[in-house]
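>>> Got a predicted structure plus its sequence, pasted below:
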Amino acid sequence: MSIRIPTFLFLVVLSLSPSATYAQEAFHYFTDIFEGTAFRINGKPGSCVVSSVPGNRVQGDVIRVSDGDTVAVTANGTTLKIRLLSIDTPETHYNGHSQGYWGEEASKKMAALLPLGTTVDVELDQERCDHYGRVLGHIFKGNEHINQTMLEEGLAVNYCIYPNTAYCDTFATVVERSIQAKKGIYGDKVLEIPYEWRRVVSNRPYEKYVGNIFTHEVLHPPEVEQVPLAERVFFFHKGDVEPPYHVVD
């Protein structure tokens with residue numbers, strides 16, 4: 001289903017937005033709300049539109065690139081907002097803040113990889129949507145794994161969150177190579193890792209348990225720096241940790 005966002009709402013968004021880019025992204029967000037692909041009501045999670053899809057793949061056509069790790073596709077007449085799984089790119093708009101150059105570069109690269117109209121396959125994992133109702137997926141354009149390409153280009157960091165750990169061992173190897181080569185964001189000594197940057201901007205404490213994708217040892221949230229960047233896998237709660245992973249107290 002596709003619903004046209006009311007003109008008056010767009011004008012309100014535009015008038016309250018500090019920049020054209022921010023206004024455009026706010027417009028996209030409200031569009032997603034009206035399309036029912038990313039919404040919250042009374043604090044409750046939005047519905048997952050792919051929860052009952054048979055198999056683990058959905059095919060669709062790209063209709064929008066929001067940033068370096070978020071795109072929208074239309075599949076069988078339904079608009080799906082896709083958050084690319086297990087990668088995290090520098091932010092272009094987060095609580096009124098931006099990570100600047102690298103956020104823009106990641107967005108440009110994603111737009112170049114997935115021009116509007118590109119047919120893609122979205123591969124789903126164990127948890128198919130996040131708490132906003134966005135579809136969590138690995139995007140393939142033919143045989144090219146777009147999530148992995150962003151890591152190879154040095155424009156994203158791996159960000160694996162259990163139980164969605166498909167390809168995480170491969171991603172760890174790719175990121176380690178990018179770190180050694182100082183490629184892209186890994187050559188910028190000033191840039192903060194996106195998920196750490198968001199934590200600081202939001203003034204939040206360390207919240208997620210952090211494990212090692214290879215040793216399966218899991219440490220408490222404040223000990224995140226003890227796990228090599230390329231080898232991290234996160235758990236929202238201690239109760240989410242299950243074999244072969246184990247918490248080291």
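Thanks, I have it.
>>> Distance of S52 relative to G77?
Look at S52 and G77: by C-beta to C-beta, to the nearest Å, they are 16 Å apart. Quick note: C-beta positions are derived from backbone N, CA and C, even for glycine.
>>> try T170
The separation that T170 has from G77, given C-beta to C-beta, amounts to 34 Å.
>>> And those two? Which one has more around it.
Under the criterion of other C-beta atoms under 10 Å, the comparison of T170 against G77 puts T170 first, with 14 against 7.
>>> Contact partners for the residue nearest to that one when sequence neighbours are not counted?
The shortest distance from T170 to any non-neighbouring residue, by C-beta to C-beta, 6 or more residues apart in numbering, is to Q148 (7.0 Å). Neighbouring residues of Q148 by C-beta atoms under 8 Å, 6 or more residues apart in numbering: Y167, T170, F171, V174.
>>> Okay, and which of those map to helices?
T170, F171, V174 (DSSP state H).
>>> Looking at the residues you listed, which one is closest to V62?
Taking C-beta to C-beta as the measure, F171 is the one of those closest to V62, at 22.1 Å.
>>> how far away is the residue nearest to C168 when sequence neighbours are not counted from K238?
Counting by C-beta to C-beta, 6+ apart, the nearest residue to C168 once its immediate chain neighbours are dropped is C160, at 4.1 Å. From C160 over to K238 the distance is 17 Å, taken as C-beta to C-beta.
>>> V62 too?
38 Å.
>>> Compare these two and say which one has the larger neighbour count.
Ranked by neighbour count (other C-beta under 10 Å), V62 and K238 place V62 first, with 22 against 12.
>>> Beyond the helix or strand the more buried one falls within, next helix or strand please.
Per DSSP states H and E: V62 is located in strand 57-67. Note on strand 57-67: by DSSP H and E, the next helix or strand toward the C-terminus is strand 70-75.
>>> can you map out the strands along the protein?
Assigned by DSSP state E, the strands in the chain fall at 57-67, 70-75, 78-84, 87-88, 119-129, 135-141, 144-145, 157-158, 160-161, 209-212, 217-219, 232-235, 246-247.
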